[in-house]
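Visitor: What follows is a protein structure lacking sequence information:
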Ligand SMILES: *[C@@H]1O[C@H](CO)[C@@H](O)[C@H](O)[C@H]1NC(C)=O
Ligand SMILES: [Zn+2]
C-alpha cells in the first residue's frame, strides 16, 4: 500500500509538476572581456546545467546575466577568476525578483479583459475571438501558423475598408517578454475603440494583421503550473533532451551565421536547420502569402528601449537606409513625447550586436516588405537582469507611448511613399 502511495505521489509530481524556482540562485553580470573569457563563457552556456545564461555570449566585449545555482556559486566564481572574466554579483536570490508575479499567477482573476495585468494565452485568444463576433464587418480571426504542442498562432485582420495597404504586427516571439503581446493587443483595442483622430486615421486607413503571440507554446510555458518565468524559446524537444530553439534565430535568412549558438540548451540556439521550428516555418509561409498586401512589418520585443531595423547579420545597411533613418528618427522622437521615455537604436548589427535569423531580417531580406522594424520595449537599462519582467502598472503607459511612436512611424513611411 505504501508502495502504491509513493508511486502515485511520484506520478502526480511528474504530471502536475511545479514551477521552476530560483531560490538563492545568484545572478552575475559577466563580460567576455578577452578571447579567453569568451571561450570560457561559451563553454558554460546551456540551460540544463547549474549555470543559466539569460542571453547568448557570442563575441568579445559582450555581456550577459547568468543565474547560478546556490551550490555552484564558488565553482563559478573560481572559473571566472581563472579565465579573467570581468563580473559583478548582481543578486543573491533570483526568486525574490520574480516572486510577485509568481504569486499573481496563482491568484484567480475576475472581470473582463483589460491592460491592468498580463493574460494567459487562452484569455487573449478568447478575447480576439470575441472581437470577431462583436465586429464581424471589421475583424476576422486568422490562424497564421501552428506550434509544436499543437496550438494555433492566432491573429486577427482588422480592415475598415477595401484597398487599404497592410501593416503586420508581431509580438511574443520571445516568450518571457510579456510586454510585447500586451502592447500589441492594446493597439488592437485602441484601433477599435479610440476616438483620437490620429489613431482613427491609422486604424481605418490601413489593414492590420495583428499577431500578439508568435511563440504560443513558450508563452504558455512561462505561465503554466509546471512552467518557467524565464523561458525564451520554443518548446520543441531536441536530440540531446533539451527543449526549444530561439525562434528569432531560426528564420531562413543568413541562418546560423552570427550571434547564434549551435548547441541545443543554449538560449540562442538557432535550431538544427533554418525553419526547423513549426512556428517560424508556418508563420513565415503565412507572411509570404501577404506579399503585395503588407508594406510594413513590426516586431515587438523587450527590453532596452530600442527601435531597430535590418540587418542583424552584417554591418552593411539596407539600400533604403536613409528612409529607415528618417522613419527611425520620427519614431524615437514620438515615443518620448508623452512620458519622456528615451529610445535609441539603429541597424541591429551596430545598435545591439550581430545576430542572424531574426524575423525582420527575413521579411525585409526576402522583399516581403521594404520596411521592417523591431521595438525593444521598456525598461531601458541592460543592467536590470530581469528586465523582461515589466511591472503590470507599466503595461498601459508603455503601450500608449509605443502607439504614439507607431503613429509617427506609419506617417513618416507614408510621407516617403511606402504606402502608395
Ligand atoms: C536623424 O536624426 C539625427 C539626430 O538628430 C540627425 O543627425 C540625422 O540627420 C537624422 N537623419 C535623417 C535621415 O533624418
Ligand atoms: Zn526578444
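Guide: Noted; the coordinates are in hand. These numbers were taken from a predicted model, which means no experiment stands behind them. Residues are numbered from 1 along each chain as shown. Ligands and ions are numbered 1, 2, ... in the order given.
Visitor: roughly how far apart are the residue nearest the centre of the chain and residue 119?
Guide: Centroid-nearest residue in the chain: residue 174, 3.2 Å away (criterion: CA atoms, centre = their mean). Separation of residue 174 from residue 119 (CB to CB, to the nearest Å) stands at 17 Å. Heads up, the C-betas are built off the backbone N, CA and C, glycines and all.
Visitor: And for residue 397?
Guide: When distance is defined by CB to CB, residue 397 is 18 Å away from residue 119.
Visitor: same check, this time on residue 199
Guide: On the measure of CB to CB, residue 199 and residue 119 end up 22 Å apart.
Visitor: The residue nearest to residue 97 when sequence neighbours are not counted: what's it in contact with?
Guide: Closest residue to residue 97 apart from its sequence neighbours, by CB to CB, 6 or more residues apart in numbering: residue 386 at 4.8 Å. For residue 386, the contacting residues are 94, 97, 98, by CB atoms under 8 Å, 6 or more residues apart in numbering.
Visitor: If you rank those residues by neighbours, which is first?
Guide: Counting by other CB atoms under 10 Å, residue 94 has the largest number of neighbours within those, with 25 neighbours.
Visitor: correct me, but that residue touches residue 21?
Guide: No. Assessed by CB atoms under 8 Å, residue 94 is found out of contact with residue 21, at 9.0 Å.
Visitor: Now do the helices in the stretch 301-420 of the chain.
Guide: Applying DSSP state H, counting those that start in this stretch to the stretch 301-420 of the chain gives helices spanning 321-335, 348-351, 359-365, 395-415.
Visitor: Quick one: mean pLDDT over the third one.
Guide: The pLDDT scores in helix 359-365 average 98.
Visitor: now do the second one
Guide: Averaging the model's pLDDT scores along helix 348-351 yields 96.
Visitor: So which residues make contact with it?
Guide: Against helix 348-351 from outside (CB under 8 Å, 6+ apart): 306, 308-315, 344-345, 355, 358, 360-361, 374.
Visitor: what bridges to the residue in the stretch 251-400 of the chain positioned nearest to ligand 2?
Guide: Using CB to the ion, the single residue of the stretch 251-400 of the chain nearest to ligand 2 is residue 301, 3.3 Å away. With DSSP bridges as the criterion, residue 301 is bridged to residue 376.
Visitor: got a pLDDT number for it?
Guide: Residue 301 is given a pLDDT of 98.
Visitor: Make sure it is actually in contact with residue 376.
Guide: Yes. Using CB under 8 Å, residue 301 makes contact with residue 376 at a distance of 5.2 Å.
Visitor: Relative to residue 411, how far out is residue 201?
Guide: Taken as CB to CB, the span from residue 201 to residue 411 is 8 Å.
Visitor: again with residue 348
Guide: For residue 348, the distance to residue 411 - CB to CB - is 23 Å.
Visitor: Please say which of those two ends up with more neighbours.
Guide: Applying other CB under 10 Å to residue 348 and residue 411 shows that residue 348 carries more neighbours, namely 24 against 18.
Visitor: burial measure for residue 163, as a count.
Guide: Counted with other CB under 10 Å, the neighbours of residue 163 add up to 7.
Visitor: cool, residue 418 as well?
Guide: For residue 418, the neighbour count with other CB under 10 Å is 18.
Visitor: How about it, nearest residue that isn't a chain neighbour?
Guide: Nearest one to residue 418, counting by CB to CB, 6+ apart, is residue 295 at 5.3 Å.
Visitor: Could you give the backbone dihedrals for the one you found?
Guide: Note on residue 295: backbone dihedrals following degrees, to the nearest 10 are phi -120, psi -10.
Visitor: Please give me every residue in contact with it.
Guide: 165, 166, 167, 369, 370, 371, 413, 418, 419.
Visitor: and it, what pLDDT?
Guide: At residue 295, pLDDT is 98.
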